[in-house]
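# how does the following fold in three dimensions:
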Amino acid sequence: MLSFVLKRLLQSVIVMLLLSIVIFVGVWLIGNPADVLISSEATEADRLAAIRALGLDKPLWQQYLIFLGNAVQGDWGTSFVYKEPVTTILLQRLPASVELAAVAFVIAITVSIPAGLYAGLRPDSAPARAIMAFSLVGVSIPTFWQGMLLIIAFGIAIPILPVGDRGDVATHFGITSSLWTLDGWSHVVLPAFSLALLKMSLLIRVTRAATVEVSHLDFVTFAHAKGVRTWKVVIRHILRNALIPLVTVIGIELGNLLAYGVITETVFSWPGLGKLLINSIKMLDRPLIVAQLTYTALLFIFINFVVDVLYTVIDPRVKSVMGRQAT
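Here you go, the predicted structure:
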């Protein structure tokens, strides 16, 4: 087990290093921040001085090495636009994105796993068909269109929920969040449901497919033949084995919720990392763009690592394979 963990950690470091190069070069190709940040009325001398101050006068490889050296020490640079450390800006916006993703994740998991499990156990029933029809609609409608429909329905036609900002925030146990207030909850419900809808629909379909497959395996039939209670068969045999493919999908979708809420945050004017990324790209704020994309890459690498470890807990066969590889 230890050798497997160390091997995966080494692989993660190598992948992260390669991704950081791709990210840095890709952001460099987007354009020159000097063209946006420096006034067109500035003299050539002022323009050159500003370029030197931003560190854009150095070769690309040297800029990357400076960035990498500082990043290893926890310094992600200073925003060209906000004139503040990138880490400070990201930490200010991170709580909004985390609370939105957390609520969306809870909604998606709470609805999708029971619904998908029921649809897999009773595939020919009317409720199962309704569940699958709902999931089809959820995966078919683009995220931005879902958001606008929700705004029109519950913000304009039936104005029962606010459709912008985080609402009132409060601090308890050292954590500042809008989830501590009723006004905050009223603001988060609509964007969280919009963000969760696609994930919910996908997880329903994956859960149903895994349930149908596991339900026809011999050990499930044998458990029923032994007279084991149905709910025990569902929980101990069907659900546990159906979780194996679900873990991968849930891990990836959790990363997507945290990293790619850009559309939802933009549609609902949610002050999180997604909206910040859009604004940073508009202004070619290179340090912020690189930091956010690197954070996203780190997040997915970490989630994939956790998923690999969870496999060994859920499926004992993975442990035996790792044991043979270690020897």
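# what stretches of the stretch 1-150 of the chain score poorly on pLDDT?
Scanning the stretch 1-150 of the chain with the threshold set as pLDDT under 70 gives 1-2, 4, 40.
# mind redoing it with 50?
For the stretch 1-150 of the chain, no stretch is flagged by pLDDT under 50.
# show me where it has its helices.
2-30, 33-37, 44-54, 60-72, 86-121, 126-140, 143-151 (DSSP state H, counting those that start in this stretch).
# single out the most deeply packed of these.
Comparing those on average neighbours per residue, with mean count of other C-beta atoms under 10 Å, the densest one is helix 86-121 at a mean of 20. Yep, even glycine has a C-beta here, placed from its N, CA and C like the rest.
# other SSEs contacting that helix?
Here helix 86-121 touches helix 126-140, strand 175-177, helix 182-215, helix 240-259, helix 262-267, helix 273-283, helix 286-314, going by 3 or more C-beta pairs under 8 Å, 6 or more residues apart in numbering; DSSP states H and E.
# which of those sits closest to residue 159?
Proximity to residue 159 (C-beta to C-beta) singles out helix 182-215 among the helices and strands packed on helix 86-121, at 11.5 Å.
# coming back round to it: which one of the helices of the stretch 1-150 of the chain lies nearest to residue 301?
Set against residue 301 and scored by C-beta to C-beta, the helices of the stretch 1-150 of the chain come closest in helix 2-30, at 4.9 Å.
# in TSV: the helices and strands packed on helix 86-121, plus distance to residue 78.
Shown next, in TSV, are those (distance: least, C-beta to C-beta, whole Å):
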stretch	distance to residue 78
helix 126-140	41
strand 175-177	24
helix 182-215	30
helix 240-259	23
helix 262-267	23
helix 273-283	13
helix 286-314	6
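# mean pLDDT lowest where, among those?
Across the helices and strands packed on helix 86-121, helix 240-259 has the smallest mean pLDDT, namely a mean of 75.
# so what touches that helix?
Here helix 240-259 makes contact (C-beta atoms under 8 Å, 6 or more residues apart in numbering) with 97-98, 101, 104-105, 108-109, 113, 117, 120, 195-196, 199, 202-203, 206-207, 210-211, 213-214, 217, 273, 295-296, 299-300, 303-304, 306-307, 310-311, 314-315.
# how near is residue 227 to residue 100?
Going from residue 227 to residue 100 by C-beta to C-beta, to the nearest Å gives 47 Å.
# and if you look at residue 271?
To residue 100, residue 271 is 10 Å away according to C-beta to C-beta.
# could you do residue 200 as well?
Taking C-beta to C-beta, one finds residue 200 at 15 Å from residue 100.
# same thing with residue 270?
Note on residue 270: its distance to residue 100, by C-beta to C-beta, is 6 Å.
# so what sits against both of the two?
191, 261, 264.
# near the nearest residue to the first one once chain neighbours are set aside, how many other residues are there?
Nearest in space to residue 191, with sequence neighbours left out and distances taken as C-beta to C-beta, 6 or more residues apart in numbering, is residue 268 at 4.0 Å. Taking other C-beta atoms under 10 Å as the criterion, the count of residues near residue 268 is 29.
# contacts only, for residue 268.
147, 151, 163, 164, 190, 191, 194 are the contacts of residue 268 under C-beta under 8 Å, 6+ apart.
# now, which of those sits nearest residue 70?
Nearest to residue 70, judged by C-beta to C-beta, of the contacts of residue 268 is residue 191 at 34.1 Å.
# wait, isn't the closest one in contact with residue 148?
No. Using C-beta atoms under 8 Å, residue 191 is not in contact with residue 148; the gap is 11.9 Å.
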